[in-house]
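Asker: sequence-free structure coming up:
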């Protein structure tokens, strides 16, 4: 594992994922948006990792990536509300709404989704995004990483591990949605950065990334429910069902918070210095070819 090549490889992979999603005419718009945003999250996680080594180029690329992700945020939020409605069906107490009510709610959300996608996922938008990502992909080969070694990499990964750990609320039950959303963003960054070191010990790497993904999913479902709740506000598309939906949303959010607290406690149990030493140990005792 040559560290500069590994970083460049993961960066290009993220950009390829995003470009393929946004340029594939066979993908439905909602699938293209989901896959594009996934690739962009990977790309932004790598940019946060390497930004200290890139000088002025690092902040510029991060701002560019943020703006590209936001370009399709409206369409994604509409899809998110539908996902949250599906998630309500997994309540331990069951779903008390009738099939007719659920179908009506889903119909309204789907209308919103289609309208948002028609406005944002245009051929011109796809072409512009692809051109920007192509330039970024070409620029990866010129990143000044020749002197970056695994100690540098482990230090930066540990920095973001600490930021995620510090974002864990002291009282999960009383945590504001913004707090949990901020934690989710930190966990996403950590999860994708760990892809770089996962090959050092595949079994450990796969387990760690899997646990981070579970935590990300729980926090993501929680955020989806917040978006769904917002649509029940007065004059909102789901206002007629506000009194019935909000208690269900609150109950499902509580379930996600309970599971997320356990996952976070396990994943971020080690202090940052211990985590960094673990990464160094994986490197020092890696299996060498031949």
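Answerer: Yes, it's here. Since we're looking at a predicted model, the values are computed, not measured. Numbers count the residues shown, from 1 in each chain.
Asker: Buried residues, the longest helix seen in the chain. List them.
Answerer: Counting by DSSP state H, the longest helix found in the chain is helix 202-230. Of the residues in helix 202-230, 205, 208-209, 212-229 count as buried by neighbour count, 16 or more other C-beta atoms under 10 Å. Quick note: C-beta positions are derived from backbone N, CA and C, even for glycine.
Asker: Same question for stretch 77-90.
Answerer: For stretch 77-90, the neighbour count (16+ other C-beta under 10 Å) marks 77-85, 87-88 as buried.
Asker: Give me the distance from it to the chain's centre.
Answerer: How far stretch 77-90 lies from its chain's middle: 17 Å, per C-alpha atoms, centre = their mean, to the nearest Å.
Asker: got the contact list for it?
Answerer: Stretch 77-90 has contacts (C-beta atoms under 8 Å, 6 or more residues apart in numbering) with 30, 33-34, 95, 102, 105-106, 109-110, 112-113, 115-117, 221, 223-225, 227-228, 231, 245, 248-249, 252.
Asker: Can you go through these and name the buried ones?
Answerer: With neighbours counted by 16+ other C-beta under 10 Å, these contain buried members at 30, 33-34, 102, 105, 109, 112-113, 116-117, 221, 223-225, 227-228, 231, 245, 248-249, 252.
Asker: Show me where this structure has its helices.
Answerer: Going by DSSP H, the chain shows helices at 3-23, 29-50, 57-71, 73-88, 99-120, 123-140, 150-166, 177-197, 202-230, 242-267, 272-284.
Asker: Distance from the fourth one to the middle of the chain?
Answerer: Think helix 73-88. Taking the mean of its C-alpha atoms, helix 73-88 sits 15 Å from the chain's own mean (C-alpha atoms, centre = their mean).
Asker: again, but for the second one
Answerer: The gap between where helix 29-50 is centred and where its chain is centred comes out at 8 Å by C-alpha atoms, centre = their mean.
Asker: and if you look at the longest one?
Answerer: The gap between where helix 202-230 is centred and where its chain is centred comes out at 8 Å by C-alpha atoms, centre = their mean.
Asker: packing partners for that helix?
Answerer: helix 73-88, helix 177-197, helix 242-267 (3 or more C-beta pairs under 8 Å, 6 or more residues apart in numbering; DSSP states H and E).
Asker: pLDDT of it, averaged?
Answerer: In this model, helix 202-230 has a mean pLDDT of 95.
Asker: Same check on stretch 248-258?
Answerer: 96.
Asker: For that stretch, list every residue counted as buried.
Answerer: 248-249, 252-253, 255-257.
Asker: pretty sure residue 53 is touching residue 148, no?
Answerer: Yes: counting by C-beta atoms under 8 Å, residue 53 does reach residue 148; the two are 5.8 Å apart.
Asker: Low-confidence stretches in the stretch 1-150 of the chain?
Answerer: Scanning the stretch 1-150 of the chain with the threshold set as pLDDT under 70 gives 1.
Asker: Now for the spatially closest residue to residue 175 that is not a sequence neighbour: which residues touch it?
Answerer: Excluding the flanking residues, the one nearest residue 175 by C-beta to C-beta, 6 or more residues apart in numbering is residue 169, at 3.8 Å. By C-beta under 8 Å, 6+ apart, the residues touching residue 169 are 175, 179-180, 183.
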